[in-house]
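In: no sequence on this one, just coordinates:
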């Protein structure tokens, strides 16, 4: 099935106001045509006789489950009306489900004009069809078992202008995004979700939507207390777009993802110092952002053009806390440089204990620090490590500190008592914890302590086969258990066919990315933003209760967070239940 | 090696004041001789050259590790002085370690006369050698792997009068128990732990001990809010003692264990309705406490003599909340009765869906309820189920409710939404949780919700190979995560040689019992009591902060409990660290 009625040769270029972080910029990226995968799961077709026998219905539904393509929605809550509560400054996602018992013509989706409180502007908002992508049940590291059956989940949120046609006995979810302005007056904002037959322009289904905006206000995303650290992979984007790495076209293609990162409150920039820090787990190999040259004179020289350009790009979007530089301890301990004498790239393969390693990095780091100092970025610069052997990390740390005393370091990995005071940014895997006194000491020292998930934690996680609520759960779980935020190693490490197949040769499907080409969002991204916002709400409510000396409010909040703190361990309580209860609590 | 210098033919009988729940009664049970197992682990004997080269030293040490028999204590904190803080009403355990580089003569251990605040009585207290028992590394259900190597841990706390002789290059821990009276004035109570050479009566080592008693007071054990539900196995005790089941000698032999249960705040009585509810997992088969007789007239009759005697015994010790009656759904669904016509025992093997099952139980329960009503016990009576198939449990529930409307039920098992409102006592396995609203509804209804551990949870647990702090951790973990208390299925299910070998044919070693013959305690029992007391402290501090509207105190307490609430999931934070931090917090 082909869909998307406005295919272009490539994604449209666009001019982006660097301040406009929102929906309009996303929606101006044009749609691209691709063939949506078709689910091959065999369902009990008799269930379709239990569905209301109109040719087509549209209802509000839950975003806590993956609405399967050809499964009769007999056990799904469907509602004709919905009321959503929001704080000012909140981005909302509301899901609807189109159910077709008969094949439909080509349909589009839109929001009717808003009714707002007197004098209030309409919120930025849009509606878009969700698209199915391939996943499977694998939730582990390493290679999935051969021949594991696949199925599809509607993870991808298409662009608002895209259209869709439904087969008989199929469903199609729709995602409605509403950005409530931080300045919006409190009150009721109403619209309707409309399904339009493309040929006739006739509205074939309409659903009222009411957003109750409270007086309460979230910070701007750049001011979120929640520390979000999603590692970026710019080279998947240049590859998929067919543009040259770091060409102006590449920079433009990165912008929608910068906006998404910024909207979620991203704090970190992923800078690559040497070719390919991760090896086999990178589908697109990472070029360095610094060109390292061994001059004819035997002296090292460095070209920071790309690094500067990338940092400047991120800075445009307010992603301005840490610059994480990978990696002194890459996966295969090989460091590529340009040999000026031969004009060829050569590789130094070494270990952290050699003199050549110490020499290479001493020279590099002194130069890097001088450059970053000159640009006013040194305080943000961190030598970043993904989990490697402790002795290697300690060696690297020592060399770095000798070269540039006080140079900051970051690590995502195991808990090492040897490193707790040295790492500015220290991220532990979910279900590992800092001892309470260590966590407090790190807070007092202005150090940041994060939680990460990767292929090693089956659930909750952010795979394409995870429960959708997991993405909202992870940020509040991190916050409630004492962490400053959440890290994921792969925001945009696209597979070969990211629009259709979330499986990579390694890891659980979807582990490597959760946004899509063309600036397309996903239920996973949207629900992660939901969780980050909910974390902000909980922090604000807690700080208010403490400042006001309101024991009752504080105790009620602690009580509300108790299942969150303990519930991750249980299969009896789904993450959706915990997220829903806390949302209700925060919005009461 | 034989030890125990006062062997008797059997355990001495003793008269027990039914009010004297304390140490004196335990210490009057005479020692019995047995051969202590010898650890066969091969250590690096060079480590012994690093130990202080006196022939014998004695130091205070941690109870967070198992001090291995022949391991040089080179990595163990040893202190010459110790100060312990206690609330009034608290039972304290303090551990010392004797280190012998040369073989010693026969030694005894005692406490020197106390120095107390003016006019204050000395606390009840004693010191006793700890004994090594066999364990292995198995932490799972089912049969351990064949040929798994064994090792020994000093789990058993011997009677105070027992003596010990140390081999060269060996250690021997000592356990000091102090019962601080609820009426003791606050202040410093000091004594010394003395090691005495038996032949000469010479004190060969002495260690000062100071107990700082705070003004704060714990409730009496019977008034603990913490709900302790340890299932009892009286028949292991009669077997080991060589006395007839339910003879006066059996009753006397049970008394030390009743005292231990009562001291820990036990709330439940384990009553057995039919022969052997558990089948293969019972080393000693459970006789019924009710004799069920099919009369020559075809009518059922019941003899409650044993049941009454057992309940009366438990009541003497204030174990007076629930009487859990096992089992309508036993492991093999066989119900034994005496056929008066033949004079033989016969078995009814059936299922919960048959008429004969319904008839058997309707008659039985009507009679039981009438009897319990007459004795004033009906309100405490609960039909108890260990996890069985849901449909069987629902069938049993229906039959019971038809026979005796309102009859209470209890279950230790999985989370079944079908049962949450019907079970007066409902226990989930550690890491399973009730949804917050369900837990609150149960609390509001006066129902009790507990956490249990069994062979299925490797850690924390109360196996003989568990970390000793796990026993203290489990009660506070249960409390902090919202449960009313803790359940374990086996308090006294002794193995064939319980004094020497904690391994059973099934389960992790020690899973089936954690007290020893002769009224002997264990580090596991003592540390469980520590955890229950700590849970009381936390509840009291929380209630005080709420009552006083003291937000700062309340917030600090929540902060202190945070690692407890989340820490069970981690291997990075040992339970001992969490217990120690909370003890410090509660005693500050």
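Out: Thanks, I have the structure now. As the structure is a prediction and not an experimental result, all values here were calculated from the model.
In: so how far is the strand ranked longest in chain A from its chain's centroid?
Out: Looking across chain A with DSSP state E, the single longest strand is strand A:203-217. Centroid displacement of strand A:203-217 relative to its chain, using Cα atoms, centre = their mean, to the nearest Å, is 25 Å.
In: parallel or antiparallel, list what pairs with it.
Out: strand A:82-88 (parallel), strand A:187-197 (antiparallel) (DSSP bridges).
In: taking the mean pLDDT, what do you get for the first one?
Out: Spelled out, that is strand A:82-88. Averaging pLDDT along strand A:82-88 gives 93.
In: give the buried residues for that strand.
Out: A:82, A:84-88 (16 or more other Cβ atoms under 10 Å in any protein chain shown). The C-beta positions use only the backbone N, C-alpha and C, and glycine is treated the same way.
In: to residue B:94, which of the strands paired with strand A:203-217 lies closest?
Out: For residue B:94, the closest of the strands paired with strand A:203-217 is strand A:82-88, at 53.5 Å, according to Cβ to Cβ.
In: just checking, next helix/strand downstream of that closest one?
Out: Note on strand A:82-88: by DSSP states H and E, the next helix or strand toward the C-terminus is strand A:91-100.
In: just the pLDDT for residue A:294.
Out: 97.
In: which residues does it contact?
Out: Neighbouring residues of residue A:294 by Cβ atoms under 8 Å, 6 or more residues apart in numbering or on different chains: A:300, A:337-341, A:346.
In: of those, buried ones?
Out: Among the contacts of residue A:294, the ones that count as buried by 16+ other Cβ under 10 Å are A:300, A:337-338.
In: now, which of those residues sits nearest chain B?
Out: residue A:337 (38.2 Å; Cβ to the nearest Cβ).
In: for beta bridges, what are the partners of that closest one?
Out: residue A:346.
In: tell me where the longest helix sits in chain A.
Out: helix A:523-548 (DSSP state H).
In: in a helix, that's where residue A:243 is, yeah?
Out: No - read with DSSP: H, G, I helix; E, B strand; the rest coil, residue A:243 is coil and lies in no helix.
In: can I assume it is in contact with residue A:249?
Out: Yes - contact status for residue A:243 versus residue A:249: in contact at 4.0 Å, counting by Cβ atoms under 8 Å.
In: what about the residue of chain A most remote from its centre, distance to residue A:522?
Out: Residue distances from the centre of chain A (Cα atoms, centre = their mean) peak at residue A:297, which lies 45.1 Å from the mean C-alpha position. Distance, residue A:297 to residue A:522, using Cβ to Cβ, to the nearest Å: 51 Å.
In: do residue A:408 as well
Out: Distance from residue A:408 to residue A:522, by Cβ to Cβ: 32 Å.
In: these two: which is more packed in?
Out: In terms of neighbours (other Cβ atoms under 10 Å in any protein chain shown), residue A:522 is the more surrounded of residue A:408 and residue A:522; the figures are 27 against 22.
In: what about the residue farthest from the centre of chain A, which SS state?
Out: coil.
In: what is the end-to-end distance of stretch A:215-224?
Out: Stretch A:215-224 has its terminal residues 18 Å apart, counting by Cα to Cα, to the nearest Å.
In: quick one: buried residues of that stretch?
Out: A:216-219, A:221-222, A:224.
In: state the pair within these that is farthest apart.
Out: Spatially, the most separated pair among those is A:216 and A:222, at 18.9 Å (Cβ to Cβ).
In: got the strands paired with strand A:203-217 as JSON lines, with distance to residue A:454 columns?
Out: Listed next are those as JSON lines, based on distance: least, Cβ to Cβ, whole Å:
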{"stretch": "strand A:82-88", "distance to residue A:454": "31"}
{"stretch": "strand A:187-197", "distance to residue A:454": "37"}
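In: which residues sit against stretch A:516-524?
Out: Against stretch A:516-524 from outside (Cβ under 8 Å, 6+ apart): A:11, A:25-26, A:29-32, A:63, A:93, A:95, A:130, A:154-159, A:175, A:177, A:237, A:240-241, A:256-257, A:259-260, A:462, A:464, A:466, A:468, A:471, A:494, A:498-499, A:510, A:514-515.
In: cool, stretch A:355-370 as well?
Out: With Cβ under 8 Å, 6+ apart as the test, stretch A:355-370 has contacts from A:273, A:290, A:292, A:300, A:302, A:325, A:328, A:335, A:348, A:350-351, A:378, A:381, A:383, A:396, A:399-400, A:402-404, A:407.
In: which of those residues are buried? Put it as a ChimeraX command.
Out: The ChimeraX selection below is limited to those of the contacts of stretch A:355-370 classed as buried (16+ other Cβ under 10 Å):
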select /A:273,290,292,300,302,325,328,335,348,350,378,381,383,396,399,400,403,404,407
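In: for chain B, what are the nearby residues on chain A?
Out: A:414-415, A:428, A:431-437, A:481-482, A:545-546, A:549-551, A:554-555, A:558-560, A:562-563, A:565-573, A:577, A:581 (Cβ under 8 Å from any Cβ of the partner chain).
In: in helices, which of those residues appear?
Out: If you go by DSSP H, the residues of chain A next to chain B have A:436-437, A:545-546, A:551, A:554-555, A:558-560, A:562-563, A:565-567, A:577, A:581 in helices.
In: any of those residues buried? List them.
Out: Buried members of these, scored by 16+ other Cβ under 10 Å, are A:436, A:545-546, A:551, A:554-555, A:558, A:560, A:562-563, A:565-567, A:577, A:581.
In: thinking again about what came up before, and which of the buried residues of strand A:82-88 is nearest residue B:112?
Out: residue A:87 (66.3 Å).
In: residue A:217 is in contact with the closest one, correct?
Out: Yes - the criterion here is Cβ under 8 Å, and residue A:87 meets it with residue A:217 at 6.1 Å.
In: let me know the helix or strand that residue A:450 is in.
Out: In the assignment (DSSP H and E), residue A:450 maps to strand A:448-452.
In: brain fart, residue A:167
Out: Using DSSP H and E, no helix or strand contains residue A:167.
In: show me the contacts for residue A:63.
Out: Residues near residue A:63 by Cβ under 8 Å, 6+ apart: A:93-95, A:468-469, A:523, A:527.
In: now the contacts of residue A:294 in a markdown table, with pLDDT?
Out: A markdown table is the format used below for these (pLDDT from 0 to 100):
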| residue | pLDDT |
| --- | --- |
| A:300 | 97 |
| A:337 | 97 |
| A:338 | 97 |
| A:339 | 97 |
| A:340 | 96 |
| A:341 | 96 |
| A:346 | 96 |
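In: the helix or strand hosting residue A:293 pairs with which strands, parallel or anti?
Out: Taking DSSP H and E as the definition, one finds residue A:293 inside strand A:291-294. The strands beside strand A:291-294 in its sheet (DSSP bridges) come out as strand A:300-303 (antiparallel), strand A:334-339 (parallel).
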